[in-house]
Structures are given as structure tokens and as C-alpha cells.
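Visitor: need a structure here:
(one chain, ligands or ions: 1)
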Amino acid sequence: MAMIPTFVKGVPDGSETGTFLALDLGGTNLRVCEVTLLGDKTFSLRQQKYKVSEALKTGEVTTLFDYLADSVDAFLTDTPSQGDDSHVPHADGDSSYVPLALTFSFPVEQSALDSGVLLTWTKGFSAKNAVGKDVVKLLQDAFDRKHIHVKCVALVNDTVGALLSRAYTSGGCILGAIFGTGTNGAYVEEVSKITKLNQNPTVAAGGEMIVNTEWGGFNNSRSALPTTPYDNKLDRESINPRFQAFEKFISGMYLGEIARNVILSLIDAAPKPLLFGGRSSALLNKQWGLDTAVLSEIEEAWEGLGRFSPPAQGSPEAQKEEKLWRIQGVLAHRLELPLPDISLADADIVRQVCNLIASRAARMSGTAVAAILVHTERARLWDNGEQSSAGLKDQGKRIGVGVDGSLVEFYPNFQTKLRASLRALVGPEVESRVDIGMAKDGSGAGAALCALVAQKQSQANHTNGAYGYDPEDIKVTPPTEVAYISSLSR
Ligand SMILES: Nc1ncnc2c1ncn2[C@@H]1O[C@H](COP(=O)(O)OP(=O)(O)OP(=O)(O)O)[C@@H](O)[C@H]1O
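Guide: Numbering: from 1, shown residues only. Just a heads-up that it's a prediction; the model follows:
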């Protein structure tokens, strides 16, 4: 795993204040936000989402970053200001620029809070001439080319954003994890243990720093986890074969495609088709034709959740039949199959396939969380051949984990299954102390907190060289450094 130091030292406690711009390029969405940290563990957020087309994901990198810059410009120009709460400070030392933090959820080797080189694209991106380049510079060049008065002051991974925002809203957090288009985690590490930083003169030896694990790349060697033919087919046909192996078992981008592979193999089974009388649909035949959200919907139909609530009534047989009718309807609609081609037995098989794929994903997600607890000595897996549930560090204390992403937020029972796997690995005592909470809007609020670190760092560089969060000295947004967003757009 890449284990990338992020240069974010320490975590916030909820008392921080300030207003910042954030630009979030995830795997699926591009968001521009204005975040105001209110200093009482809450924040307000104003945001606009923009679509990133396939052409942008796979074209020239300058076109992609021009689009990012244009989206920020459009946000500043078009989105109405909220009034007095919508002040945005100018970039430190230069009153004509607005500071912005870039949440960039791809593997980047950071060399400072505001610089980092793209190691590889993931999640279906392959924009040309980007790998090896500093993404902050790419964005800043785009702003400068277009004479947009915005300065990118911090580069944030979305996992770091999740960790920081969860720490801000709950008062403490040791791990931020994403289960969305992709999966990844960032945790708080002792600086003395980050051997990569030994040569870095800007980092003091003591204290803690957030490390971005890039756990989506675990098992790339395929030496740790078994794969099925359906995983192998997905990997072979992906744009990054043999990379992001762990992510390909877990995340939203891939679960639908694994299910599609399984369903097609059952349709084509010899000597006799095992699904849909051997018939498929144009949608099912298309790579990526099955969105993970459809798997979610099938599970909701089975569980009687969401638009399928209340749960089915009557005898167990009648309940099962009603649930399968619902799934039949979902399959006809979402897979674009004629209803008569879908038997209730077919609906049951597809339901079980979805459940198996999502359960594997959730359990593996639990192993990733467990690995962080073991590594940071908050849990121990095996001790003299016996499973130990004893917390080794901070014994008895709550352990904060911030999560974000559509999979963990919307997939029925994903978190319950993740917890069951965590419990099996670290024991019930440690598991019961783990507070897993959504880091909702984590990339926005987390980015704002990172911009605050950057601002603090810049100020500290002019004074005593302190770095990262200093609880004594953190509430800064001098009134002289604020301006209305609406006036900035002129
Ligand atoms: N209801 C749902 N249940 C499960 N998965 C879903 C659901 N809705 C969307 N998804 C999947 O979640 C992914 C999008 O995740 P998310 O909305 O967290 O985007 P993102 O922030 O761009 O992702 P990332 O943070 O990984 O870069 C897509 O792959 C989609 O298939």
C-alpha cells in the first residue's frame, strides 16, 4: 500500500472557525462548496454539483482542469451569496485571491500541504499527461490561464476530509474511510513511525500526522485474497488491470459489474440456462450496464426498506412471494427485461447473488478498519494463538471512525455487516467502543479544515514555524481578510 504522508498534523476538536472554498473531484461527482466552520462542532455549507463527462475523464488533462476552474468561476458568479455568513477570506498575504482547498480523491504523493504528484488514475479516470504532475499546479495554472482570482492553498484526499470533518463534528476521530465509487482510508499516525518523512526537514519529529493508506491498492499482488472468475473478468476488462485489487472487491464502481458478470454466467450456463430462460437484455450485455444502486434497490425490495416499506405481511410463504414480486418488478425495470422472462425463482437467485457480493464487500471493509485498529495498537488480532479483544492503547476509550460514500450510506445493512466482520476480528470489547459515523459533506468541511491548516501554516511560517493545528492559536479569520463572494465574482 502507498501509505502517503499528508502533511496534516493533528486533528480538529470542533472549535475552529472560518469560511473557505472547496473543490471536490470524486469518482462520480464534482462539487464546489463554500463552507463556514462555526466553531461549535457545526458548519454551514453552500454547494453546487457539476457533471464530469467521460470525454473529460479520458481526454487531455488541461481540458479537465480548465473545466474544474470554470466550475469554480461559475459557482462564484452564479450561486447567490447567503448574506453575512458567506464571507470568504482572501488567501493569506494576497488580498486579491480567494483561498481554495482541492479535495482530490486519487493517489497522490504529497510533498507539502499544497503540492502533490499524481501517482496513477483510478475509478475510470485516465486523463492524458497527468500522471507525474503536481495537481495543485495543474489547477492553479488553469485558474491563472483564465484570470480567475482563486488560489489553491491545500490538497486534500477525501479520506482525510472525512477524518477531519468527523473529528470536527464529534470531537475526535482516528480513521476516515470512503466507501463510494472507490474505497480508501486515512488514519492518525505517530510522526516518529513514518519512516518516509525521515529526510523531510520541514517536519518536526514529534506529534502525529494523518497518513493516506490508499488501501484500495491492497492485494494488487493477489497473494492475500482469493479471486473468482467474475472478479478476474472485471479486472481484465477494466482500464487499470491488476491495480486497485482491494477496491475492485468493495466499491460502488465495481459491485454492479461483478453482479452483471455472475448474472450473465448464469444466463449462459450449460447445458441449461439457470436464469431468465437464457435471455439477456442490451443493458445487461453492456459493460458497466448494472449500477450498484440497482443491487441496493433489490436488497431494499427484499428487506421492505425505502420505497418498499412497510415490509411484506402474512405467512412466511406469502411474505417471500410478495418480496420476490417486488424484486421481479425491479429487475424488469432496471435490467430492461420483459416481465414474463423473470420467474420468482430467478428473482430469488439474483437477490442472493447481490447479497453475496455486497456481504463480501462489507466484510472486507471491516477487515480494513480492523487493520487500522491493530496497527495503531487499539486492538490485537491473535495473541499466542488466541483471539484477544483487549484494547492495547487508549483502553476503555471511544474510537472515532468517520465514513462517507453512497455505498456505506445507502446500501442496506452495509454497516451492520462491516461491524460484524470488525467484531469477529478485534473482539466484541474493542468493536463496541468503535463509533462509526457518517462524515456527511466530509470532503467540503474537511477541505475547509485543511485550508485552515494551510492558513495557519502560512502565518506560522512568518512567526515561529509551528505546524498544523495548535489548539491555543487556531481561531483566525480576521475581519479585514474577508470579502463577499458576490463581490469577488465581479
Ligand atoms: N443507493 C446506492 N447504493 C449503493 N451504491 C450506490 C447507490 N447510489 C450510488 N451508488 C454507487 O456509489 C458510487 C458513487 O459514490 P459517491 O456518491 O460516494 O461518489 P463519489 O464521492 O464521487 O465517490 P468517491 O468518494 O469514491 O470518489 C457509484 O459507483 C454508484 O454506483
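Visitor: Report the secondary structure element holding the residue lying farthest from the centre of the chain.
Guide: The C-alpha centroid of the chain is most remote from residue 271, which lies 42.8 Å away (C-alpha atoms, centre = their mean). In the assignment (DSSP states H and E), residue 271 maps to no helix and no strand.
Visitor: tell me the phi and psi of it?
Guide: Recorded main-chain torsions at residue 271 are phi -80, psi 0, according to degrees, to the nearest 10.
Visitor: The residue of the stretch 101-250 of the chain found nearest the ligand: what's it in contact with?
Guide: Of all residues in the stretch 101-250 of the chain, residue 180 sits closest to the ligand, at 2.5 Å by C-beta to the nearest ligand atom. Any C-beta I mention is one placed from the backbone N, CA and C, and that applies to glycine too. The neighbourhood of residue 180, defined by C-beta atoms under 8 Å, 6 or more residues apart in numbering, consists of 26, 27, 28, 251, 252, 404, 405, 406, 407, 408.
Visitor: Which residues are in contact with the closest residue in space to it that isn't next to it in sequence?
Guide: Once flanking residues are discounted, residue 180 sits nearest to residue 405: 2.8 Å by C-beta to C-beta, 6 or more residues apart in numbering. Residues near residue 405 by C-beta under 8 Å, 6+ apart: 178, 179, 180, 181, 183, 251, 252.
Visitor: who's in contact with the fifth one?
Guide: Which is residue 183. Counting by C-beta under 8 Å, 6+ apart, residue 183 has contacts 177, 215, 216, 246, 247, 250, 251, 365, 368, 405.
Visitor: Could you list which of those also contact the ligand?
Guide: Among the contacts of residue 183, the ones lying near the ligand by C-beta under 6 Å from any ligand atom are residue 405.
Visitor: near the ligand, which residues of the stretch 251-400 of the chain show up?
Guide: 252, 253, 291, 292, 293, 296.
Visitor: if I pick the first one, what's in contact with it?
Guide: Yep, that's residue 252 we're talking about. Here residue 252 is in contact with 179, 180, 181, 182, 292, 293, 405, 406, 407 (criterion: C-beta under 8 Å, 6+ apart).
Visitor: Next step: the residues you listed restricted to strands.
Guide: residue 179 (DSSP state E).
Visitor: What are the phi and psi values at residue 186?
Guide: phi -130, psi 140.
Visitor: Quick check, it in contact with residue 166.
Guide: No - assessed by C-beta atoms under 8 Å, residue 186 is found out of contact with residue 166, at 11.0 Å.
Visitor: shared neighbours of the two, which are they?
Guide: With C-beta under 8 Å, 6+ apart as the test, residue 186 and residue 166 both reach residue 176.
Visitor: re the thing from before, quick check: the residue nearest to residue 180 vs residue 322, distance?
Guide: 31 Å (C-beta to C-beta, to the nearest Å).
Visitor: likewise residue 262?
Guide: Residue 262 is 25 Å from residue 322, by C-beta to C-beta.
Visitor: ok, the two, which is more surrounded?
Guide: The neighbour comparison of residue 262 against residue 322 (other C-beta atoms under 10 Å) goes to residue 262, with 21 against 16.
Visitor: residues touching the more buried one, list them.
Guide: Contacts of residue 262 (C-beta under 8 Å, 6+ apart): 230, 353, 357.
Visitor: Neighbour-wise, give me the winner out of the residues you listed.
Guide: residue 357 (24 neighbours).
Visitor: Point me to the helix or strand that includes that residue.
Guide: Using DSSP H and E, the element containing residue 357 is helix 344-375.
Visitor: nearest to residue 306, of the contacts of residue 180?
Guide: Using C-beta to C-beta, residue 406 is the member of the contacts of residue 180 that lies nearest residue 306, at 13.6 Å.
Visitor: Name the residues linked to the nearest residue to residue 403 once chain neighbours are set aside by a beta bridge.
Guide: In space, and not counting its chain neighbours, residue 403 is closest to residue 177: 5.0 Å by C-beta to C-beta, 6+ apart. Residue 177 forms beta bridges with residue 185, residue 403, as assigned by DSSP bridges.
Visitor: Looking at residue 177 now. What's its pLDDT?
Guide: Listed pLDDT for residue 177 reads 97.
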